[in-house]
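>>> below: sequence and its predicted model.
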Amino acid sequence: MAKMRTVDAAIAILEKEGATEAFGLPGAAINPFYSAMRAHGGIRHTLARHVEGASHMADGYSRAADGNIGICIGTSGPAGTDMITGLYASWADSIPMLCITGQAPVSKLHKEDFQAVDIESIAKPVTKFAMTILEPGQVPGAFQKAFQVMRSGRPGPVLLDLPIDVQMAEIEFDIDAYEPLAVEKPKASRKQLEKALDMLTAAKHPLIVAGGGIINAGASAQLVELAELLNVPVIPTLMGWGAIPDDHNLMAGMVGLQTSHRYGNETFLQSDFVIGIGNRWANRHTGGLDTYTAGRKFVHIDIEPTQIGRVFSPDLGIASDAGAALDGLLELARERKAAKTLPDYSAWVAECLERKGSLHRKTHFDNVPIKPQRVYEEMNKAFGQDTTYVSTIGLSQIAGAQMLHVFGARKWINAGQAGPLGWTAPAALGVVRGKPGENVVALSGDYDFQFMIEELAVGAQFNLPYIHVVVNNSYLGLIRQSQRGFNMDYHVSLGFDNINSPETMGYGVDHIKVVEGLGCKAIRVENPEDMPAAFDKAKALRDEFKVPVVVEVILEKVTNISMGLEINAVNEFEELAETAADAPTAILAKA
């Protein structure tokens, strides 16, 4: 056995658990941990400009690839409280992330010492496990449990709080004798899955709703294979978008009040059976439950038993990891196909494809200032099927989900349930860390972009290149739209006459100057015809300088994006596509 500081043991554990990508800011109470990282040399650290930004970077890194666990590190007091939004975003979307905070000495915790706060209690509601480690000998076991908890059942974040005297204490520890704890995940039985498949094959118009749990399980290939074996259309949720590529003939569109396709909602309304796998039945997906559930039976498969029945009671609920359930369903489907007992759903698939080819929103507008729909049309043209999109909340995210295209798992990375403004830029930097050399494109409105704009300097300092499309209407557009019923919108206008940048013409913050001042590159576009050249230039600048490149598109100030309160009553504020030229980048061309 070797005697070492607890922090040296912790770093050895991180390496053995496969978590070697950290984001954070040092401070007095966490300096011992940083010294251990430096001595070890195997943990890469990216220095953030704000601890909340570091938490979103770690979150983005975790979302970027199967098995990733990002680490967020900060000192005591406000560093921990700054992490809470990041913990909430990862907890809400079932993302594993390890947050580590420094803390005042154990003997000072009850004395209102400088920057001493009960971060364990603060973090517990938005973590799977939070612990202030009061005894040095508990450090290895606490880290061991943290990794098991993050990976078991429904994934999620944890927080470990390390008093500085605990960090400095020495313990006996042998990394060769350390082993990760077994990960626990429920698995559906054959009998359960037989019942589910019996219900599906008894239906005339069945659908599979594919949730983010499928992506978390790394089971997208199994989903596509099952859908093809059964010849049953798939409706991905916003968190499951990409589990089946948009151009697959069984991808039937997204359903919901906001981030949905017209053809997706119409197809869902024609269904009579739905099997949801790894999804939450989120309210922006379902809308009113009476409308959503009327005339159809439901099977719900989820890794978290208490999630089943939380929103509405299914006809059959099964607690299971999505990957295990899909493997079991595939085995059964293969047996039934060999026995020629599977129904023929080709007519139902043809109906769904007809809707997918005809129910489009118009994107081709030539207006100046630019209409947002045109931006997403040009993004579809400019960025290929290998693109990973990163976004969070706002009209930009909603319209993007309606009009962009995603062609694989983990190619749409989105803070879905929490939706914190400011998440996009730091999360994109984490995604670039997790997908080195790949094509990453972020999408923000002007306010999301301004929330944590300082993190762009991190991309410049550490050469983390990506393209960030900022659609600027000088409004908090989603809030302005929601205020229509209150006869108000002036409270959320972000435009002002910038005396230092009259060229912004009342659009407020000069993003070009700010972005360039942070060490990055930026382009402003005011005419829709200039977007292709701007995107080409952005790619060239990204590749040459290896820094974030911002493309700011000046939009018309007021646009209402399609949304409603029921999936059968979405308000279409703009013109709908009548010809293929109205929506030239639609997956299936309108006849």
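Received, thanks.

>>> ok, the closest residue to Asp536 other than its chain neighbours - how many residues close by?
In space, and not counting its chain neighbours, Asp536 is closest to Ala382: 7.4 Å by CB to CB, 6 or more residues apart in numbering. Where C-beta positions appear, they are placed from N, C-alpha and C, glycine not excepted. Burial of Ala382 is recorded as 20 neighbouring residues (other CB atoms under 10 Å).

>>> now the residue nearest to Ala22 when sequence neighbours are not counted: how far from Asp59?
Leaving aside its sequence neighbours, Ala22 sits nearest to Ile71 (CB to CB, 6+ apart; 4.1 Å). Between Ile71 and Asp59 the computed distance is 11 Å (CB to CB, to the nearest Å).

>>> so for Pro372, what's the pLDDT?
Per-residue pLDDT puts Pro372 at 93.

>>> so who does it touch?
Leu395, Ser396, Ala399, Val471, Asn473, Leu555, Thr559, Ile561 (CB atoms under 8 Å, 6 or more residues apart in numbering).

>>> and the residue lying closest to the fifth one once chain neighbours are set aside, how many neighbours?
Put plainly, it is Asn473. Residue nearest to Asn473 in three dimensions, not counting chain neighbours: Leu555, with 4.1 Å by CB to CB, 6+ apart. Counted by other CB under 10 Å, the residues lying close to Leu555 total 27.

>>> pretty sure Leu555 sits against Val470.
No. Using CB atoms under 8 Å, Leu555 and Val470 do not qualify as a contacting pair, with a distance of 9.9 Å.

>>> list just the nearest of the contacts of Pro372 to Gly517.
Closest approach to Gly517 among the contacts of Pro372 (CB to CB): Val471, at 21.3 Å.

>>> helix, strand, or coil at the closest one?
Under DSSP: H, G, I helix; E, B strand; the rest coil, Val471 falls in the strand class.

>>> how much space separates it from Gly242?
22 Å.

>>> check Gly495 too.
Distance of Gly495 to Gly242, computed by CB to CB: 35 Å.

>>> helices and strands around the one helix or strand in the chain whose mean pLDDT sits lowest, which ones?
Here the helix or strand of the chain ranked lowest by mean pLDDT, DSSP states H and E is helix 477-482, holding a mean of 71. Applying 3 or more CB pairs under 8 Å, 6 or more residues apart in numbering; DSSP states H and E, we find helix 477-482 packed against helix 395-403.

>>> now do the helix or strand following the helix it packs on: which elements does it pack against?
Counting by DSSP states H and E, the next helix or strand C-terminal to helix 395-403 is strand 412-414. Counting contacts by 3+ CB pairs under 8 Å, 6+ apart, strand 412-414 is packed against helix 51-64, strand 388-391.

>>> show the subsequent helix or strand relative to strand 412-414.
helix 424-434.

>>> excluding chain neighbours, what is closest to Lys546?
Once flanking residues are discounted, Lys546 sits nearest to Asn463: 4.1 Å by CB to CB, 6+ apart.

>>> that neighbour contacts Pro548, correct?
No. Counting by CB under 8 Å, Asn463 sits too far from Pro548 to count as a contact (9.9 Å).

>>> when the two are compared, which one has more neighbours?
Higher neighbour count among Asn463 and Pro548: Pro548, with 32 against 11, using other CB under 10 Å.

>>> state the pLDDT value of that one.
pLDDT, Pro548: 98.

>>> what's the answer for Glu574, then?
pLDDT, Glu574: 88.

>>> OK, contacts around it?
The neighbours of Glu574, taking CB under 8 Å, 6+ apart as the test, are Arg361, Lys362, Lys371, Gln373, Thr559, Asn560, Ser562.

>>> pull out the buried residues from those residues.
When neighbours are counted using 16 or more other CB atoms under 10 Å, the contacts of Glu574 contain these buried positions: Arg361, Lys362, Lys371, Gln373, Thr559, Ser562.

>>> correct me if wrong: the second one contacts Asp582.
Yes. At 4.4 Å, Lys362 counts as touching Asp582 under the criterion of CB under 8 Å.

>>> what's the overlap in contacts for the two?
Common neighbours of Lys362 and Asp582 (CB under 8 Å, 6+ apart) are Glu575, Leu576.

>>> Three-state assignment for the residue nearest to Ala22, please.
Going by three-state DSSP: Ile71 is strand.

>>> use 482 as the first number from now on
Right, with 482 as the first residue, what we last looked at is Ile552.

>>> so what does the longest helix anywhere in the chain touch, helix or strand wise?
Secondary structure assigned by DSSP state H gives helix 803-819 as the longest helix of the chain. Where contact means 3+ CB pairs under 8 Å, 6+ apart, helix 803-819 is packed against helix 671-682, helix 693-697, helix 701-711, strand 754-758, strand 778-783.

>>> just say which of the ones you listed is most tucked in.
Highest mean neighbour count among those (mean count of other CB atoms under 10 Å): helix 693-697, with a mean of 29.
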